[in-house]
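J.: model the structure of this input:
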Amino acid sequence: MKPAAPEIFQVPTNEFQSAFKPGTPEFEMAAMTHYAAEYSNRGWTAVVTVDPDFIRVVALPAGGMDPKAYVLGLLKNRFLEDALPILEALDGMIDDADIAFNHGICLSELGHIAESVEPLERAIGIDPKYVNAYVGLGFSLTKLGRNEEAEAPLRKAIALDPENSYAKRNLAAVLGRMGRMQEALPFFRQAASLAPNDPGAMLGLAQCLDDLDGDYRKEADKIYEQITNKFGDHPVAEMARVARNKIAGEDLHATVDGKIRMDAVFYMQGAMEHFAAMPKERIGKIAMEIANLGRDGLKINEPEARYHLENMEGDFSGLHLLCLMHVGFRMFDPEADAGTGLDREYKAAVAMQGGKA
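T.: A predicted model of the protein is given here:
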């Protein structure tokens, strides 16, 4: 038979009915006696505390579960809303770093970010070496936009636990938000190295390199590719694919000093002529096949790399396929964002076709 669960709760002091005035010893004794007697009649033991704001009660049945173990079990099984009032009561009664920490994290996960700061700070006050409390506090502060304040607890967490990948990832993100990308980079690298199966750490590293631009973007593109290969079904994989397409689009024009690529214009003209007599259903299949092929990255600036399609005969370069896809999507929706970075080339091709796509 499983041990019975305790009952843990708090009620506002001013809601307790008593002939005595709140704040007096007589009021406190009356409240404690009331709840102690109520549970004694059931064969339970009750611990009652009274302060100006709340009356808090922890009632234990004979052979019942330990209150701390009970509430931590609720949290483990993600019963956050059930756990919160219990944590509030316990945190107000005892100085326990685990209870204060979990109180703060529970508030944070339920969206009460501002309220989570105080219990997390209290956990640190009780145990100045509580690494996860520093990490949790840093996370809450940065969610509140208080990045400058978030830096210190995250650095403290790393000082206490140099192998903590989550602390390093969060510190790197905080530094990045403050525009200190070069300073953030080594922390992103360390986080990704310590947690190679954490897609967030890898994405953070790639985005940091991407933002640093220049030669760093080549490394960013490689890491984005690793993310798509390693975490194909995770949402970060799609973010990595979008980022790779953006890099490819910018590289596309870098080869011609940012000018319109006439090779792309000519490819698009050919696509417009080829698609003109083709059923829209087949055009859609071609465009979607290229889009799916592009999920793994097309080698746009490497004309020696060749591709073949199931829905269209021919031997194509990556740039040629990108142009076919762009024209195909625009034939269905003239305002569509094809995500190719070839809008200027498309406008030029339409103009050269006499204004008809």
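J.: any idea how far Thr228 is from Pro119?
T.: Thr228 is 40 Å from Pro119, where distance means C-beta to C-beta, to the nearest Å. Every residue, glycine included, has its C-beta placed from N, CA and C.
J.: same question, Met239
T.: According to C-beta to C-beta, Met239 stands 33 Å off from Pro119.
J.: list the buried ones in stretch 269-285?
T.: Neighbour counts over stretch 269-285 (16 or more other C-beta atoms under 10 Å) mark Gln269, Ala271, Met272, Phe275, Ile283, Lys285 as buried.
J.: ignore what I typed, I meant stretch 345-354.
T.: Buried residues in stretch 345-354, counted by 16+ other C-beta under 10 Å: Glu345, Tyr346, Ala348, Ala349, Val350.
J.: mind listing what the closest residue to Glu88 other than its chain neighbours touches?
T.: Nearest residue to Glu88, sequence neighbours excluded (C-beta to C-beta, 6 or more residues apart in numbering): Gln10, at 6.1 Å. With contact set as C-beta atoms under 8 Å, 6 or more residues apart in numbering, Gln10 has these partners: Phe54, Ile55, Arg56, Val57, Pro85, Glu88, Ala89, Gly92.
J.: so which of Met239 and Pro119 has more stuff around it?
T.: Pro119 (26 against 17; other C-beta atoms under 10 Å).
J.: and the contacts of the helix or strand hosting Thr228?
T.: Assigned by DSSP states H and E, Thr228 belongs to helix 216-230. Defining contact as C-beta under 8 Å, 6+ apart, one finds that helix 216-230 is touched by 199, 202-203, 205-207, 209-210, 236-237, 240-241, 243-244, 247, 295-297.
J.: over to the residue nearest to Glu88. Which of the three states is it?
T.: Following DSSP: H, G, I helix; E, B strand; the rest coil, Gln10 is assigned to strand.
J.: likewise for Lys129?
T.: Under three-state DSSP, Lys129 comes out as coil.
J.: tell me the contacts of the nearest residue in space to Leu74 that is not next to it in sequence?
T.: Nearest residue to Leu74 in three dimensions, chain neighbours excluded: Ala83, at 4.0 Å (C-beta to C-beta, 6+ apart). Shown in contact with Ala83 (C-beta under 8 Å, 6+ apart): Val71, Leu74, Leu75, Asn102, Cys106.
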